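> Kindly generate the corresponding structure for this input.
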Amino acid sequence: MDIQAIMDKMTLEDKARIVAGRGFWHTQAIQDVPEIQVSDGPHGLRKINEIPELEKSETITAVCFPAACATSASFDTELMEEMGHVLGKECQAENVGVILGPAVNIKRSPLCGRNFEYISEDPYVAGKLSAALIRGVQAENVGTSIKHFAANNQEFERMYGSSEVDERTLREIYFPAFEIAVKEAQPWTVMCSYNRINGTYSSENSWLLTDVLRKDWGFDGLVMSDWGAVSDRIAGIAAGLDLEMPGSNGVNESMICKAVEDGTLSEEALDAAVKNVLCLVERFIENRQAETFDREADHAEAVRIAKECIVLLKNEENVLPLAKEEQVALIGGFAENPRYQGGGSSHIESYHVVSALSLAERYGHFSYNRGFSDTEDIYEEELQAEAIAAAEKADKIVVFAGLPDIFESEGYDRDHMQLPACQNRLIEQLVKTGKPVIVVLHNGSPVELPWADDVAGIVEAYLGGEGIGEAVMDVLYGRHNPSGKLAESFPLKLSDNPSYLNFPGTAYKVNYAEGIFVGYRYYDTKQMDVRFPFGFGLSYTNYRYSNLKISRDSFTAEEGVTVSVDVTNIGDRAGKETVQLYVSDKTGSTIRPVHELKGFCKLALEPGETKTAKFTLDKRAFAWYDTESADWYAANGSYVIEVGRSSRQIEYTAEVHIIGSKVKPPVITPDVQIGDLLKNPYTREFTLQRLKKYMDRFHQSDSETEEMVEAVVRFMPLRALRSFQYISNEEVEQICEDLKKCIEEKME
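The predicted structure is shown next:
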């Protein structure tokens with residue numbers, strides 16, 4: 001396609017039309033420009049075929065892969081990229097140009113109804129895993145649409161509520177997943193969110209869509225709206241929103257033409273949007289490839305991926321894996337009808353869902369009792385009595401529990417973190433039989449587990465896609481060694497969550513008052529007990545960490561440092577271990593979490609085998625976002641590198657030092673605190689000399705030391721010396737001028 005030649009021939013009306021969708025799932029076809037179709041995703045192809053002559057549409061049958069809540073637990077970038085390749089090939093086979101995903105919004109609260117579709121509470125994990133998925137899909141010449149940009153962390157009032165977030169929190173928590181994906185994988189499109197950010201809709205936020213996304217991060221693709229997210233189309237184009245989805249049946253197109261004609265909107269801004277749409281169409285049309293959607297082969301791939309996502313949370317006295325000769329009581333409706341995906345726009349018409357119950361005879365000796373409904377919270381005494389009677393005859397009990405579809409979905413948030421009461425009641429009764437109880441969870445977000453200390457085993461299967469039944473049974477019987485790790489913390493109860501007092505907000509505003517203290521950053525800093533910590537997951541084998549190496553003890557932030565640690569499989573079966581690296585800032589330069597994840601590495605190890613996990617830490621691994629300088633800042637001083645199995649299981653630590661960073665001078669006004677002047681290397685000497693005669697007047701007795709005097713005046717602003725009649729207004733102003741000159745001289 002000759003894009004410039006096409007644009008030269010386009011009328012204003014053509015330009016206005018092409019920046020709007022045709023119907024729900026297509027771009028507009030104009031002159032020599034064909035349309036392309038987009039499809040919901042990213043854990044399966046939710047392609048909707050429109051049949052105009054029948055005035056209806058139908059969703060194709062596709063393969064449902066594990067949702068993001070599950071794939072994130074793999075901590076496996078290679079696996080994510082492989083899944084991306086499969087999805088990309090499916091899109092090519094079905095003539096889909098863009099798959100709408102991945103979704104990387106941070107799991108601020110366990111209650112968010114769409115958490116099952118999001119990756120993690122940690123922005124580094126979300127960024128790295130999403131970048132890998134994007135690389136896989138786009139290697140097949142199909143676009144992705146990373147979403148929802150930005151600060152879209154709840155369903156309540158999501159289409160008009162305002163996320164009130166300070167810039168440091170945005171830059172450190174809610175932006176990095178997008179930033180990493182853009183810089184490392186360049187998604188073809190970015191989808192802006194419904195909500196407002198500090199009062200401005202994302203769809204018309206020029207700071208967000210142009211200054212941050214394009215100028216700061218170098219994004220070169222197309223920005224599209226979420227479906228129905230456009231408030232003011234003219235303001236949106238000016239801000240950097242290229243494509244409105246779906247179209248507005250000509251309403252906004254007419255407004256665009258009028259705005260260009262009366263000068264309200266520059267044609268240059270419209271042309272930029274048109275060009276981005278044309279480039280997107282060209283990328284797909286010019287790189288079509290022949291593919292076959294082999295649903296049977298892709299189902300097998302979905303099963304393989306699901307196995308890598310399962311997290312073993314408890315295995316008391318090695319109750320797992322189960323032995324074939326054991327008599328096992330399967331209990332719970334999810335054994336027969338597994339919950340394997342979330343509700344809403346990502347819902348797949350699945351090709352082949354296999355339940356654990358249907359596979360039971362392949363693995364061992366079973367009885368099955370429904371025990372409770374898999375669709376609602378109803379206590380049925382007869383069902384529970386039958387389940388308890390069967391359990392009493394078994395060697396071990398496996399309960400398939402979880403959240404019914406109605407409990408979590410796009411469109412609304414949960415109002416509690418509990419499993420259905422009927423499930424908790426039966427599990428507590430089963431524990432009383434004295435038989436080992438193993439609980440398999442089917443859920444898209446953390447749940448409270450009041451019986452966790454009493455059961456023998458807990459397996460987190462999440463929403464593992466259509467292969468969940470096969471994957472769970474292979475893990476339960478040891479055919480597959482679980483290696484998943486939690487990409488989110490499991491608090492003991494909802495009120496422990498840092499967003500508890502400010503979720504979901506009121507009066508169309510939600511205050512992100514917890515700031516950067518999200519998830520483990522909060523729990524670990526407060527030293528708060530949790531049910532299961534971030535990064536936690538057990539295995540059927542054991543690993544030993546050894547030989548931590550740091551490339552240098554002292555370095556500049558720009559130089560960075562490399563870290564390595566050996567991991568040995570000291571058990572009797574093959575397995576995979578995810579090594580996690582956290583950085584703890586000891587400089588005191590600002591308030592920060594006790595530590596933050598800055599690297600992870602998954603190693604596959606045979607029994608007795610040793611491999612080395614290697615990490616490269618750059619400036620960003622140590623830095624925090626300083627809003628005053630509008631830049632990332634890594635202060636000089638001490639940092640501790642922590643390497644371990646989870647955020648609460650640190651195996652090795654090593655202290656390193658950053659040197660050579662530019663010291664931030666204090667902002668000099670009469671309000672500057674004397675303590676800030678005394679502790680800053682640019683101003684300490686001057687302050688001690690110039691203010692000594694005034695500070696000496698604070699000595700009340702001979703027993704007072706200079707340190708005591710400094711402590712007294714530490715939080716006193718310079719202007720306060722006037723109040724004690726030690727200094728005039730003119731002297732204060734002169735000292736400020738002299739301090740500024742002193743700083744300039746020392747910084748040269």
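
> Stretch 381-397: which residues count as buried?
L383, Q384, E386, A387, I388, A390, A391, A394, K396, I397 (16 or more other Cβ atoms under 10 Å). (C-beta placed from N, C-alpha, C; glycine too.)

> quick one: the third one is in a strand?
No: inclusion of E386 in a strand is not indicated when DSSP: H, G, I helix; E, B strand; the rest coil is applied; the result is helix.

> my read: V583 touches L617, true?
Yes: using Cβ atoms under 8 Å, V583 is in contact with L617, at 7.1 Å.

> how close does the residue lying closest to R719 once chain neighbours are set aside get to N729?
Distance criterion Cβ to Cβ, 6 or more residues apart in numbering; nearest residue to R719, sequence neighbours excluded, is P670 at 3.8 Å. Noted for P670: a distance of 9 Å to N729, by Cβ to Cβ, to the nearest Å.

> Next: I99.
66 Å.

> Same check on G660?
To N729, G660 is 39 Å away according to Cβ to Cβ.

> I99 and N729: which has the busier surroundings?
A count of neighbours by other Cβ atoms under 10 Å puts I99 above the other of I99 and N729, at 30 against 10.

> Could you say which helix or strand holds the more buried one?
Using DSSP states H and E, I99 maps to strand 96-100.

> now that strand, how far from the centre of its chain.
With Cα atoms, centre = their mean, to the nearest Å as the basis, strand 96-100 stands 21 Å off its chain's centre.

> counting contacts, what elements does it pack onto?
On a contact count with 3 or more Cβ pairs under 8 Å, 6 or more residues apart in numbering; DSSP states H and E, strand 96-100 meets strand 37-40, helix 77-93, strand 143-149, helix 267-285.

> Of those, which is nearest L111?
Closest approach to L111 among those (Cβ to Cβ): strand 143-149, 17.2 Å.

> Direction-wise, compare the closest one with strand 96-100 and give the angle.
For strand 143-149 against strand 96-100, the angle by axes from the mean of the first three to the mean of the last three Cα atoms, to 10 degrees is 30 degrees.

> Quick one: distance of strand 143-149 to the chain centre.
13 Å.

> re earlier: identify the contacts common to V583 and L617.
Applying Cβ atoms under 8 Å, 6 or more residues apart in numbering, one finds that V583 and L617 are jointly contacted by K598, I641.

> Quick check: closest non-adjacent residue to D40.
Spatial nearest neighbour of D40, chain neighbours left out: R46 (3.9 Å); criterion: Cβ to Cβ, 6+ apart.

> does that neighbour really touch E58, like I thought?
No: R46 is not in contact with E58 according to Cβ under 8 Å; the separation is 11.6 Å.

> Comparing those two, which residue is more hemmed in?
Neighbour comparison, R46 and E58: the larger count goes to R46, with 22 against 12 (by other Cβ under 10 Å).

> Neighbours of the residue nearest to R719, how many?
The number of residues packed near P670 is 15, by other Cβ under 10 Å.

> any weak-confidence spans in the chain?
Where the chain drops to pLDDT under 70, the residues are 52-55, 693-712, 724-726.

> Next one: D374 from L426, what distance?
13 Å.

> more crowded one of the two?
Each of D374 and L426 has its neighbours counted (other Cβ under 10 Å); L426 has more, 26 against 23.

> Tell me how far the helix or strand hosting the more buried one lies from the chain's centre.
Element membership of L426, judged by DSSP H and E, is helix 421-431. Distance of helix 421-431 from the chain centroid (Cα atoms, centre = their mean) equals 32 Å.

> Paired strands for the helix or strand following it, with orientation please.
Counting by DSSP H and E, the next helix or strand C-terminal to helix 421-431 is strand 437-442. Using DSSP bridges, strand 437-442 pairs in its sheet with strand 396-402 (parallel), strand 457-460 (parallel).

> the strands in the stretch 451-600 of the chain, which residues?
For the stretch 451-600 of the chain, the strands defined by DSSP state E, counting those that start in this stretch occupy 457-460, 490-491, 509-511, 530-532, 543-550, 554-555, 561-569, 575-585, 596-605.

> Pull the residues that contact the first one.
Same thing as strand 457-460. With Cβ under 8 Å, 6+ apart as the test, strand 457-460 has contacts from 73, 310-316, 319-320, 436-441, 443, 449, 452, 472, 475-476, 482, 484, 486.

> 7 Å - rerun?
Identification of contacts with strand 457-460 by Cβ atoms under 7 Å, 6 or more residues apart in numbering yields 310-316, 319-320, 438-441, 452, 472, 475.

> count of residues packed around I173?
For I173, the tally of surrounding residues (other Cβ under 10 Å) stands at 26.

> Am I right that it is in a helix?
Yes: secondary structure of I173 (three-state DSSP): part of a helix.

> Check whether it really touches G515, as I assumed.
No: if you go by Cβ atoms under 7 Å, I173 and G515 don't touch, sitting 8.1 Å apart.

> what comes up buried for stretch 33-49?
Buried positions in stretch 33-49, judged by neighbour count with 16+ other Cβ under 10 Å: 33-48.

> How far does that stretch sit from its chain's centre?
Using Cα atoms, centre = their mean, the offset of stretch 33-49 from its chain centre is 23 Å.

> send the alpha carbons of that stretch over as CSV?
Provided in CSV are the C-alpha atoms of stretch 33-49 (Å, rounded to 0.1, in the frame of the first residue of the first chain):
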residue,chain,number,x,y,z
VAL,A,33,-8.1,0.3,1.6
PRO,A,34,-9.6,-3.1,2.7
GLU,A,35,-11.1,-3.6,6.2
ILE,A,36,-9.5,-5.8,8.8
GLN,A,37,-11.2,-7.6,11.6
VAL,A,38,-10.3,-7.5,15.3
SER,A,39,-11.2,-10.2,17.9
ASP,A,40,-11.4,-10.3,21.6
GLY,A,41,-8.6,-12.2,23.4
PRO,A,42,-6.0,-12.8,24.6
HIS,A,43,-6.5,-16.4,26.0
GLY,A,44,-8.4,-17.5,22.9
LEU,A,45,-10.0,-16.4,19.7
ARG,A,46,-13.4,-14.9,20.3
LYS,A,47,-14.1,-14.1,16.7
ILE,A,48,-17.6,-13.0,16.0
ASN,A,49,-18.9,-13.6,12.4
